[in-house]
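Trainee: Okay, sequence plus prediction incoming.
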Amino acid sequence: MDYRPEVIDRLSSMFATGRDTFLKDSPELFNRYRESAFGDFLHLGIPDRKNEAYKYTNLEKFLNHQYDDYYFPRPEDFREAERFHCEVEDLDVWNMVLLNGFFPNGEKGLVMLPGGIWVGSMRYAVKQFPALVEKHYNRYIEDGNDGLIPLNTALASDGLFIYAPKNTVYTKPIQIVNLLHSDKDIFVQDRNLVVVEEGAQLSLLSCDHAISPQRFLTNTITEVYVGRNARFEIIRVQNQHNNSGKITHTFIHQERDSYASSNNVSLHGGLVRNATWHHLGGENSETHSYGLFLADKEQHIANFVKVDHTAPNCNSTQLFKGVLDDKSSGAFNGRIMVHKDAQKTNAFQSNNNIILSETARMDTKPQLEIYADDVKCSHGATVGQLDENALFYLRSRGIDAREARLMLMFGFAHEVIQNIPIEALRERIDDLVHKRLRGELSRCASCAVQCN
Amino acid sequence: MEKDQDKVLTEVTSGEYKYGFVTDIETEVIPKGLTEDVVRLISAKKEEPEWMLEFRLKAFRHWLTMKMPTWAHLTIPEIDFQEIIYYAAPVQKKGPDSLSDVDPELLKTFDKLGIPLEEQKHLTGVAVDAVMDSISVKTTFRETLAEMGIIFCSFSEAVREHPTLVQKYLASVVPYTDNFFATLNSAVFSDGSFCYIPKGVRCPMELSTYFRINTSNTGQFERTLLIADEESYVSYLEGCTAPMRDENQLHAAVVEIIAERGAEVKYSTVQNWYPGDKNGKGGIYNFVTKRGICKGDDSKISWTQVETGSAVTWKYPSCILRGNNSTGEFYSVAVTNNYQQADTGTKMIHIGKNTKSTIVSKGISAGFGQNSYRGLVKVLGKAEGARNFSQCDSLLLGDKCGAHTFPYIEVDNPTAIVEHEATTSRIGEDQIFYCNQRGISTEDAIGLIVNGYAREVINKLPMEFAVEAQKLLQISLEGSVG
């Protein structure tokens, strides 16, 4: 039976009952788009298998659930968030916490880091930089078929705001910890905006944690503007428990001579879907999209990538890898689109997957759509197992079967990890992956869910 | 140099369609439009038994509930299915016993096309079933084949003479509910070829069907059913042409192949329907459903296609690999020039253990052509040790054309190994320079490179076809390479 009408009813009532809260407490700019966005959502509905982008992803388990009413934080909610400390040692970052998609109130609403980069809450940003936010908010969204995107626009009330004015550079990465903590099951919608102006450089690390065992579903939109000759990096480490779902939509808009990279490492989470759009809007720009996931139990992890070459002389790469165990399933949906005038494009896409168990499943859809002739584009996809010859090689040198398998899998995963630009983090993720592959789930001991 | 190349390209791709003549022959047509009465009329004209009519009506009723699919990467103007004539047949005396009974105009037509209908062309060693508009005109070599127990005849004859075989296998691979065009075909198909290879027989010659659309405003809906019984082998060829006309004509065929244990079927197509003129006017809409099933263990089905014609091609020859150790192959060269559009590829469904499939697809786009590869490789949970290799390359000749790749890979078994790779590029200036340097003109160099590019597929064609295909490739691209 189709579960969707019921969910739409629930969301409609959430929208109706939450209306008073968000109309009062959130920025006028957000409110301006709400009604029409919700109308778009009702028109598009919840994406199902008939939507090509969701062909292999079933949202039912996480969407068809009675979440609590529209969430808006109370001051005491933030106490837990303040206690949280990132466990990665030697990670020299500037750190900030978002709780359930909201910024803690108070002085830290919007701060300027040394070097002139502003970081903080969207709600404060709208007040302090109204023209800037207005110029970029809701401007880079591309997919007109995905109902979850207008749903976020209709419901979000806060999120991360980063503004790197012209030629500003912050040498350390900025770390944002997205904490989920509640005594009720909640549906979180956060809305983020990153503006990196001409010549500026920014590196963003986003970590997801769920610290209470409730069921969470997060539907995130991140819009990124990368100006001329600017540089932007985003690394996501997704480590929520398996009772939570995370759906991200990231739109990266690049001007000429710019550089952007996106790196998604998905370790835990019942449902993870990362959609990343790279729009190469100016000549000579470069973009990279990386992804690694390790899935087991009944996890479903999907990556959707679209790289849009609209200008000549641009380069792009996509590299996505997955290891699937138990009853997990994975999906990859990547597309390179080269528009008519985007000559001299180099675009590469690769997706490799290893299936370890009888019941795991992988679906992949690497696509090329090319309208220019002077291009070099390729894609490759594989689904298979570890190479028997490589295993034999290791075993003939006295390494036992288990260890040999681990080494090969680790090597497989490391190809993606090595692209992470922050060294301390790279080591940490290597370590996490290593433990994950060994079955010593580094976080499970402290996890509240005990989902075994 | 660049200019030079462009000029050569234009020359290479602007070659004329040489099969565009119309045969002036008396043709029996029914009024245009599609209703239940038309379906009944077609069935009555063909003097079909009741079960056949039932099948058609079931399909027709189902078709009424369907909508034309829009998922393909094609721009097709609305087709008015009531404006099409669903049955056209050259008037002739019933059942030509020998060649002398066939209308000489018809013979001339096939002569012009270079189809060896006349028995004296024995040397070519190809048995031909010629289908004009909707009707099978003549099948050669029937007697020779009959001696070995091979049945090769028109579909209507098969319905009359071998009803049990037809009933057993018809729509067993492509059910009447399969898709919009297959359902339409099931309702109105007029003729086609039927072929049965008995157990253990290796068909001594290539079997061939030649399709020709002649009458204007008609749609051609033929149906081919090919059954290879245990341990048999057959190589089957299919060719098609149509006159040049300003309007678009519809061709919606269904091909079903059944390979029993240990059987091997090789199906080759050189599709050269009229592609429309330089401005994209006219041409055939080619919506074809082709599917084979490797029913028994160790069977093999191999599709080879050279697609140079048609204004729009929508075609996915597929293999269902049900028997253990069965093999599916798909080799394709698709050329789109001027305003042609092609959305073509294959489906490989791995069900049995240790099934293997190979996909090699080469797309060539020139002019304003749009060429898409769309394929599915699906490995089901029980398909232990399934293996697939896919390679899809696209070559772009000119900056106004497009080449796209839409592969779908679905793997549900950990022992499967599935690989897909695709590249898109144009002919490198360095390659042309290399040839120029050695005294080969740019035009020849391009021809050389394109031919080398397609060779992997053309090599899979039977001799007679390979030569034709190579020529076709040259004509299709004449004036376009650069």
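Mentor: Received it, and whenever you're ready, just let me know what you need.
Trainee: What pLDDT does the model give A:Pro47?
Mentor: Looking at A:Pro47, its pLDDT is 90.
Trainee: got the contact list for the residue nearest to it when sequence neighbours are not counted?
Mentor: Spatial nearest neighbour of A:Pro47, chain neighbours left out: A:Tyr54 (4.2 Å); criterion: CB to CB, 6 or more residues apart in numbering or on different chains. In short, each C-beta sits where N, CA and C put it, glycine included. Listed by CB atoms under 8 Å, 6 or more residues apart in numbering or on different chains, the contact set of A:Tyr54 reads A:47-48, A:146.
Trainee: Make a markdown table from these and add secondary structure to it.
Mentor: Below are these laid out as a markdown table (DSSP: H, G, I helix; E, B strand; the rest coil):
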| residue | secondary structure |
| --- | --- |
| A:Pro47 | coil |
| A:Asp48 | coil |
| A:Asp146 | coil |
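Trainee: And for residue 352, the neighbour number?
Mentor: Assuming you mean chain A. For A:Asn352, the count of nearby residues is 20 (other CB atoms under 10 Å in any protein chain shown).
Trainee: Let me rephrase: I mean chain B.
Mentor: Neighbourhood size, B:Gly352 [other CB under 10 Å]: 24.
Trainee: Could you do A:Pro421 as well?
Mentor: For A:Pro421, the count of nearby residues is 13 (other CB under 10 Å).
Trainee: repeat for A:Gly411
Mentor: Residues lying near A:Gly411 (other CB under 10 Å) number 11.
Trainee: Could you report the separation of it from A:Asp430?
Mentor: Plainly put, A:Gly411 is 11 Å away from A:Asp430 if you go by CB to CB, to the nearest Å.
Trainee: and if you look at A:Gly245?
Mentor: Distance of A:Gly245 to A:Asp430, given as CB to CB: 27 Å.
Trainee: Those two - which one has more neighbours?
Mentor: Neighbours per residue, other CB under 10 Å: of A:Gly245 and A:Asp430, the larger number sits with A:Gly245, 24 against 16.
Trainee: Which SSE is immediately downstream of the helix or strand containing the more buried one?
Mentor: Per DSSP states H and E: A:Gly245 is located in strand A:244-254. Using DSSP H and E, the next helix or strand after strand A:244-254 towards the C-terminus is strand A:259-268.
Trainee: Now do the contacts for the nearest residue to A:Gly147 once chain neighbours are set aside.
Mentor: What sits nearest to A:Gly147 in space, not counting adjacent residues and going by CB to CB, 6+ apart, is A:Leu44, at 3.6 Å. By CB under 8 Å, 6+ apart, A:Leu44 lies in contact with A:145-147, A:150.
Trainee: could you point out which element follows the helix or strand harbouring A:Ser203?
Mentor: Assigned by DSSP H and E, A:Ser203 falls within strand A:201-210. Later in the chain than strand A:201-210, the nearest helix or strand by DSSP H and E is strand A:216-226.
Trainee: partners of that next one in the sheet?
Mentor: The pairing partners recorded for strand A:216-226 under DSSP bridges are strand A:186-196 (parallel), strand A:244-254 (parallel).
Trainee: Measure how the last one sits relative to strand A:259-268, angle-wise.
Mentor: It stands for strand A:244-254. When axes from the mean of the first three to the mean of the last three CA atoms, to 10 degrees is applied, the directions of strand A:244-254 and strand A:259-268 differ by 170 degrees.
Trainee: quick one: strand A:244-254 to chain centroid distance?
Mentor: 4 Å (CA atoms, centre = their mean, to the nearest Å).
Trainee: With adjacent residues omitted, what lies nearest to B:Met66?
Mentor: With CB to CB, 6+ apart as the measure, B:Phe180 is the residue that lies nearest to B:Met66, at 4.9 Å, once sequence neighbours are left out.
Trainee: Go ahead and confirm that neighbour touches B:Thr70.
Mentor: No - with contacts counted by CB atoms under 8 Å, B:Phe180 stays clear of B:Thr70, the gap being 10.1 Å.
Trainee: could you give the mean pLDDT of the helix or strand hosting B:Arg291?
Mentor: Secondary structure from DSSP H and E places B:Arg291 in strand B:283-294. In this model, strand B:283-294 has a mean pLDDT of 90.
Trainee: other SSEs contacting it?
Mentor: Using 3 or more CB pairs under 8 Å, 6 or more residues apart in numbering or on different chains; DSSP states H and E, the elements in contact with strand B:283-294 are helix B:180-188, strand B:248-251, strand B:254-259, strand B:264-271, strand B:300-307, strand B:312-315, strand B:318-321, strand B:327-336.
Trainee: Only the buried residues of that strand, if you could.
Mentor: B:283-294 (16 or more other CB atoms under 10 Å in any protein chain shown).
Trainee: And the pLDDT at residue 363?
Mentor: With no chain named, the answer covers chain A. If you check A:Asp363, the pLDDT there is 92.
Trainee: Oops, wrong one, chain B.
Mentor: We have a pLDDT of 90 for B:Gly363.
Trainee: Hmm, it is touching B:Gln391, no?
Mentor: No - here B:Gly363 lies out of contact with B:Gln391, judged by CB under 8 Å, at a distance of 11.5 Å.
Trainee: Looking only at neighbour counts, state which of the two leads.
Mentor: The neighbour comparison of B:Gly363 against B:Gln391 (other CB under 10 Å) goes to B:Gly363, with 29 against 16.
Trainee: Could you list the paired strands of the helix or strand that contains that one along with their orientation?
Mentor: B:Gly363 is part of strand B:356-366 when elements are defined by DSSP H and E. Note on strand B:356-366: by DSSP bridges, its sheet partners are strand B:327-336 (parallel), strand B:387-397 (parallel).
Trainee: quick one on the thing from earlier: now the strand holding A:Gly245 - C-alpha only, CSV.
Mentor: Written as CSV, here are the backbone C-alpha positions of strand A:244-254 (Å, rounded to 0.1, in the frame of the first residue of the first chain):
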residue,chain,number,x,y,z
SER,A,244,18.4,7.7,12.4
GLY,A,245,18.1,8.8,8.8
LYS,A,246,20.1,11.5,7.1
ILE,A,247,19.2,13.0,3.8
THR,A,248,21.4,15.8,2.5
HIS,A,249,21.1,18.0,-0.5
THR,A,250,24.2,20.0,-1.3
PHE,A,251,24.4,22.5,-4.1
ILE,A,252,27.8,23.8,-4.9
HIS,A,253,27.8,26.7,-7.4
GLN,A,254,31.2,27.6,-8.7
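Trainee: Of the contacts of A:Leu44, which is the nearest to chain B?
Mentor: Checking the contacts of A:Leu44 against chain B by CB to the nearest CB gives A:Asn145 as the nearest, at 13.0 Å.
Trainee: Check the chain for its longest helix and report it.
Mentor: No chain was given, so I picked chain A. helix A:4-25 (DSSP state H).
Trainee: sorry, should have said chain B
Mentor: Counting residues, the longest helix found in chain B (DSSP H) is helix B:442-458.
Trainee: Does that one reach chain A?
Mentor: No - Helix B:442-458 does not reach chain A (CB under 8 Å from any CB of the partner chain); its nearest approach is 13.3 Å.
Trainee: Show the subsequent helix or strand relative to that helix.
Mentor: helix B:463-477.
Trainee: Show me which positions of the one helix or strand B:Gln431 maps to end up buried.
Mentor: Following DSSP H and E, one finds B:Gln431 within helix B:429-437. Within helix B:429-437, the residues scored as buried using 16+ other CB under 10 Å are B:432, B:435-436.
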